[in-house]
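Novice: please work out how this folds:
(one chain, ligands or ions: 1)
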Amino acid sequence: MSYSYQINSFEQYKEVYERSIQQPQNFWADIASNFQWRRKWDKVLDWNFEDYKVEWFKGAKLNITENCIDRHLEKLGNKPAIIWEPNNPDEHHRVLTYNDLYNKVTQFTNVLKNNGVKKGDCVCLYMGMIPELAIAVLACARIGAIHSVIFGGFSAKSIADRLQDANARFIITCDGAFRGGKDIPLKSLIDDALESCDFIERVIVCTRTRTPISMIKGRDVWWEDEIKKVETLAMAPAPAEEMDAEDPLFILYTSGSTGKPKGVVHTCAGYMVYTNYSFVNVFNYKLGDIYFCTADIGWITGHSYIVYGPLSAGATTMMFEGIPTFPDAGRFWDIVDKHRVNILYTAPTAIRSLMSYGDEPLKGKDLSTLKVLGSVGEPINEEAWHWYDEKIGKGKCPIVDTWWQTENGGILISNLAGITPSKPGWATLPLPGVQPCLMDEQGKEIEGAGTGNLCMKFPWPSIIRTTFGDHERCKKTYFSTYPNHYFSGDGAMRDENGNYKITGRVDDVLNVSGHRIGTAEVENAINLHAGVVESAVVGYPHEIKGQGIYAFVIYNGTHNADDEDLIRRDITATVTRIIGPISKPDKIQFVKGLPKTRSGKIMRRILRKIAENETENLGDTSSLLDAGVVDEIKKGKL
Ligand code: WT7
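Specialist: Residues are numbered from 1 along each chain as shown. As a prediction, this is how the structure comes out:
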């Protein structure tokens, strides 16, 4: 079965796209009419990119969980909503039908209510990839609480910063998480974070690893005990709270080129409509297909394309607790084989990593159920694209290269599987309703084929609404570089047919294994090390991760000063403590000075060239204060 708004041919795409641009309000009103509303909108769109404000489906009332769960029960109640595959393949997998999901979500919504959670409260989720995470996310949405999921790879300090910024009052976590051969002590990290966050009223702890943890009286409760309470009280399934279209649904933190991570805010209606529409069309999802997105719910990909997009479409979505290489590099292929997966959505870094193990892990794995492959998070190099196409898709599965960002809520540029043409390394065409453009450094729009900075001229329903608690920052970051445009921070190329190829960030943001990392944040962490005077962080090409983190550090500490490796380890430990293991530098080079302009600005362009091994071609160095510094750095290159 397909969806009435599913695009079925390239011709139709062109027609639909044209209409979406000519009559955006009618176009999105038609799409939105496929959802369940408590009250329909008064106006489809109000927008202003100058003094940034965007409202979609103004005046409408809804609850996203009624669209993700309740409305499917009649026809799909006994169909699998979530299939969960554990970290350890010897443990049994779990299947939650839509009926099960309804029961669990409405039950946990009662738990939240009993614990004092109300509409508008912020609930922070710090959990591994277990079904209870999806259940908790949906229970928050059902009650109208704003969820803020924090990825398990962040430190206690990063958690505390986010809790403070979001004014969180509640936390849902697990004792620990299994990831590959490791147990991540989630609750212990939360305890550390809470030493500086006494405003947290309640921590609900779900059992997973059963590692010993502290449970503080009056603050910490067990998920399982709380469930028993609502069972004893024989509470009826919790009804969904009526939400305004523009009420916040969630906050998700992401790094930028300056300052602390910002809380990207998405709202109920537009986000629902766009994630559903893009999910159904990009993957060409047909009811009954088994869909497997390998992302973590701690990132936007998991929010939009494990939870909300698929569930609002009545799809079967997989959740995988582990990592691609545990217990061996054949794990993804085992999962595809075992669960008869039809659609696989993963990241280039995973593809490159698995590619490096050769064909052995693929032997004996039946991948014949696959119909569609997807890629997300970073540019996919042609070698990885062809390997994915030939070895995994056996030459018969379209690959969708999906470009988008946390701030976008959903996929903006991508081919539609089997419908619009693919081009290796190219994200290709905008989705209906999406109006990209390329700008030059002078702020002029580039016409026809060319290269420039990727912007959007018109809002789509799941565009960022604000950065939590700081609307000025939102305006400045996204809407000030090019007046009246949303600026993505990415550079892109466009061919004569209007296809886009994303070339990467044009700001000081790195993309390491598909994770977004701000260089300024890493520098600030390194600079906290007692012996460090100053540092500069840039990216360099990394075969598996896409980009690696290269740190140039001026060190004048005396302790262990003659043992560089020991200092490197201490600096790495410092970064892990401050931000988390995902931001660890891959290379640390000790230098006497950093290349600076006469006004004292670090010339990162030069450091980038050195880190990329392009030392012959440093460009204009005439504004350098001291050219000798560069020679010294070149000599010490790692
Ligand atoms: C940045 C956004 C939302 C996806 C997960 C990452 C890069 C994302 C692609 C792609 C080339 C891509 C961009 C973007 N990126 N997808 N298909 N091709 N680059 O979300 O953490 O918000 O990062 O990821 O540089 O700006 P994110």
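
Novice: what does the helix-or-strand element of the chain with minimal mean pLDDT contact?
Specialist: The helix or strand with the lowest mean pLDDT-type score in the chain, counting by mean pLDDT, DSSP states H and E, is helix 627-635 (a mean of 90). Residues from elsewhere that reach helix 627-635 (C-beta atoms under 8 Å, 6 or more residues apart in numbering): 552, 589, 591-596, 606-607, 610, 615, 618, 621, 624. (C-beta placed from N, C-alpha, C; glycine too.)

Novice: number of residues surrounding the residue of the stretch 351-500 of the chain at minimum distance from the ligand?
Specialist: Closest residue of the stretch 351-500 of the chain to the ligand, C-beta to the nearest ligand atom: T406 (3.4 Å). Other residues near T406 number 19, with proximity taken as other C-beta atoms under 10 Å.

Novice: V16 and P432 touch, don't they?
Specialist: Yes - counting by C-beta atoms under 8 Å, V16 does reach P432; the two are 5.0 Å apart.

Novice: for K476, give me its contacts.
Specialist: Residues near K476 by C-beta under 8 Å, 6+ apart: none.

Novice: please, which helix or strand holds it?
Specialist: helix 471-479 (DSSP states H and E).

Novice: what's the answer for I190, then?
Specialist: helix 186-194.

Novice: show me the contact partners of the longest helix seen in the chain.
Specialist: Secondary structure of the chain per DSSP state H: the longest helix is helix 98-114. Helix 98-114 is contacted from outside by 65, 69-70, 72-73, 76-79, 81-82, 96, 123, 131, 135-136, 138-140, 142-143, 145, 170, 204, 223, 226-227, 229-231, 235, 237-238, 311, 314, using C-beta under 8 Å, 6+ apart.

Novice: just the buried residues of it, please?
Specialist: Judged by neighbour count (16 or more other C-beta atoms under 10 Å), helix 98-114 contains these buried residues: 98-102, 104-113.

Novice: between the residues you listed, which is closest to P459?
Specialist: Among the buried residues of helix 98-114, V105 lies closest to P459 (C-beta to C-beta), at 30.4 Å.

Novice: and the chain, which of its residues are near the ligand?
Specialist: Residues of the chain lying near the ligand by C-beta under 6 Å from any ligand atom: 254, 300-301, 376-379, 401-406, 427, 488-490, 502, 504-505, 511, 516.

Novice: before we move on, the earlier item: give me the helices and strands touching the helix holding I190, please.
Specialist: strand 122-126, helix 156-166, strand 170-174, strand 202-206 (3 or more C-beta pairs under 8 Å, 6 or more residues apart in numbering; DSSP states H and E).

Novice: hey, which of the ones you listed is tucked in deepest?
Specialist: Stretch with highest mean neighbour count among the helices and strands packed on helix 186-194: strand 170-174 (a mean of 27; mean count of other C-beta atoms under 10 Å).

Novice: just checking: what are the partner strands of that strand?
Specialist: strand 122-126 (parallel), strand 202-206 (parallel) (DSSP bridges).

Novice: after the last one, which helix or strand is next? Please name it.
Specialist: Just to be clear, that refers to strand 202-206. Assigned by DSSP H and E, the successor of strand 202-206 is strand 220-222.

Novice: what's the answer for the first one, then?
Specialist: Towards the C-terminus, the helix or strand next in line after strand 122-126, according to DSSP H and E, is helix 131-143.

Novice: of V16 and P432, who's got more company?
Specialist: When neighbours are counted by other C-beta under 10 Å, V16 and P432 differ, and P432 comes out ahead with 25 against 17.

Novice: tell me how far that one lies from Y17.
Specialist: 5 Å (C-beta to C-beta, to the nearest Å).

Novice: could you tell me the per-residue confidence at N560?
Specialist: N560 is assigned 78 on the pLDDT scale.

Novice: brilliant, that's me finished.
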